[in-house]
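1. what follows is a predicted structure for the sequence shown.
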Amino acid sequence: MNDSSWQPEPVPAGPAYDAQVGPHTRPMPIVPDAAGRDFDDREARDRGAASDGGPLFRADTPPQEPMPSPPPPHAEHPQDSSPPPQKKRAGRDLRAAIGVGVGLGAVIFASLLIVKAVFVGVIVVAVVVGLWELTSRLQEQKGIKAPLVPLAVGGAAMVIAGYVRGAEGAWIAMALTVLTVLVWRMTEPPEDYLKDVTAGAFAAFYVPFLATFVAMLLTADDGPQRVITFLLLTVVSDTGAYAVGWRFGKTKLAPRISPGKTREGLFGAVAFAMGAGALCMEFLIDGGAWWQGLLLGLAVAVSATLGDLGESMIKRDLGIKDMGTLLPGHGGIMDRLDSLLPTAPVVWLLLAAFVGTG
C-alpha cells in the first residue's frame with residue numbers, strides 16, 4: 001500500500017468539539033517537533049495531556065531548537081566551493097550540420113563534373129534564395145522594402161553575364177540591376193524611397209555580384225579545379241577556425257561583433273588554409289606552385305573571417321541569430337554564403353595573377 005494514500009482523520013471544529021472535551025479546554029496549538037516540523041499531537045491529548053498545565057501549551061513548553069543540518073561535503077574546503085567547469089559544447093546540431101554539408105558538397109561536385117552550365121544554375125539558385133532571405137529579414141526587422149523581383153532577375157542575369165562575358169558583362173548587369181531597382185521602387189509611395197533603394201543596391205552588390213566571380217572562375221580551362229580550390233580553402237579555413245578556437249580559444253577576436261570568435265581560431269584558420277592552399281596549387285591548378293598556395297591560403301583565411309564578421313554585424317543590427325532556417329544545423333543559405341561571397345573575388349584575382357585567367 002502506498003504511504004502517500006494515507007490521510008489523517010479530520011479533527012472536528014467549533015463549539016461541539018470544545019463541549020466534548022471540557023469547559024476549560026483551550027484550542028490545541030501546533031507544536032514544532034525536534035526536527036522543526038509542526039504537528040497536531042492528538043495522541044498526547046487523548047492520553048490526558050490536554051489539561052491547563054500540560055506540556056503541550058506554548059507558554060509552558062521549553063523552546064526547542066531545530067536539529068542542525070549536516071554541513072555540505074565541501075564546507076571544510078571553501079576553495080572547492082566553486083561549481084565544476086562545464087564542458088564546451090557546439091552551438092549547433094553537428095549531425096544535422098554535417099549531413100547538410102555533405103549533401104550540398106555532393107550537389108556541387110556532381111554539377112561540376114557533369115556540365116559547367118549546370119553549376120552556373122546552382123549559383124543562380126543560391127543567389128536568388130540568398131536575396132530572398134536578405135530582403136525578407138530587412139523588411140521584417142527594419143521595415144526596409146528592397147524590391148525582390150528586380151534583384152532576383154538582375155542577380156541571375158549578373159551570374160550568367162559574368163560566365164559568358166566575364167567581368168565586363170558582370171559590371172554592366174550590375175549597373176542595369178541597380179537602375180531597375182530605382183525605377184521599380186517608384187511605383188510605391190515616396191516615403192523611405194532612399195532607404196529602400198540603398199538597401200537594394202547593397203543587396204545587388206553583396207549577393208549576386210560577388211557570386212559572379214565564382215562563375216568567372218569556372219570559365220578557365222581548369223575551371224572546375226579552380227572552383228573546387230576556392231570552396232575547399234574556404235571550408236578548411238572555417239573548419240580550422242572552429243576546431244582550434246573551440247579547443248584553445250581564449251582571446252576574443254571581435255567581442256562586440258561575434259563573441260564566439262577568437263584570435264586562436266583565426267590562427268587555426270590561417271594554418272589550415274595555408275596548408276590546403278599549398279596542396280591545391282601544387283596538385284590541382286595548372287601551372288601553380290606550392291608557395292603561391294601559401295599566399296592564397298592566407299588571403300582566403302583573412303577574407304573568409306572578414307566575410308563572417310561582416311554578416312555577423314548585419315545580423316546583430318537586425319537582431320537575429322540566423323538569416324533563415326532552410327538548412328538544418330546551418331541556418332539559411334546566407335549563413336553559408338557569408339564567408340564564400342567575399343572570398344570569391346579574392347581567389348579569382350590571385351589565381352589570375354599567379355596562373356592567368358585562361
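-> Alright, I've got the coordinates.

2. do you have the strands of the stretch 151-300 of the chain handy? List them.
-> All strands of the stretch 151-300 of the chain, identified by DSSP state E, counting those that start in this stretch, fall at 252-254, 258-262.

3. buried ones in the helix or strand containing residue 124?
-> Residue 124 is part of helix 116-142 when elements are defined by DSSP states H and E. For helix 116-142, burial by neighbour count (16 or more other CB atoms under 10 Å) applies to 116, 119-120, 122-124, 126-135, 137-138. No exception for glycine: its C-beta is placed from N, CA and C like everyone else's.

4. cool, stretch 273-290 as well?
-> Buried residues in stretch 273-290 (16+ other CB under 10 Å): 273, 274, 276, 277, 278, 279, 280, 281, 284, 285, 288.

5. wait, what's in contact with the closest residue to the fourth one other than its chain neighbours?
-> Once its chain neighbours are removed from consideration, residue 277 has its nearest residue in residue 297; the separation is 2.9 Å (CB to CB, 6 or more residues apart in numbering). For residue 297, the set of contacting residues under the criterion of CB atoms under 8 Å, 6 or more residues apart in numbering consists of 233, 237, 270, 272, 273, 274, 275, 276, 277, 278.

6. and those residues, which two are the farthest apart?
-> 237 and 278 (13.7 Å; CB to CB).

7. okay, now the unreliable bits of this structure?
-> 1-94, 96-97, 329-330 (pLDDT under 70).

8. so how far is residue 152 from the residue nearest to residue 277?
-> Counting by CB to CB, to the nearest Å, the gap from residue 297 to residue 152 is 34 Å.

9. centre-most residue in this structure?
-> residue 321 (5.6 Å; CA atoms, centre = their mean).

10. ok, that residue - contacts?
-> By CB under 8 Å, 6+ apart, the contact list for residue 321 reads 315, 331.

11. for residue 142, which non-adjacent residue is closest in space?
-> Residue 142 sits nearest to residue 318 (CB to CB, 6+ apart), 6.6 Å away.

12. from what I can see that neighbour touches residue 137, true?
-> Yes: counting by CB atoms under 8 Å, residue 318 does reach residue 137; the two are 5.5 Å apart.

13. pretty sure residue 262 is touching residue 251, no?
-> Yes: the pair residue 262 and residue 251 qualifies as a contact (CB under 8 Å) at a distance of 5.7 Å.

14. more neighbours: which of those two?
-> residue 262 (22 against 11; other CB atoms under 10 Å).

15. got phi/psi on the residue lying closest to the more buried one once chain neighbours are set aside?
-> Excluding its sequence neighbours, the residue lying closest to residue 262 (CB to CB, 6+ apart) is residue 249, at 3.3 Å. Backbone torsions of residue 249, given as degrees, to the nearest 10, read phi -60, psi 130.

16. show me what contacts residue 249?
-> 262, 263, 264, 265.

17. can you check residue 234 too?
-> Counting by CB under 8 Å, 6+ apart, residue 234 touches 300, 304, 339, 340, 343.

18. excluding residues flanking it in the chain, which one is nearest residue 121?
-> Setting aside the residues directly before and after it, residue 121 is nearest to residue 111 in space (CB to CB, 6+ apart), at 7.5 Å.
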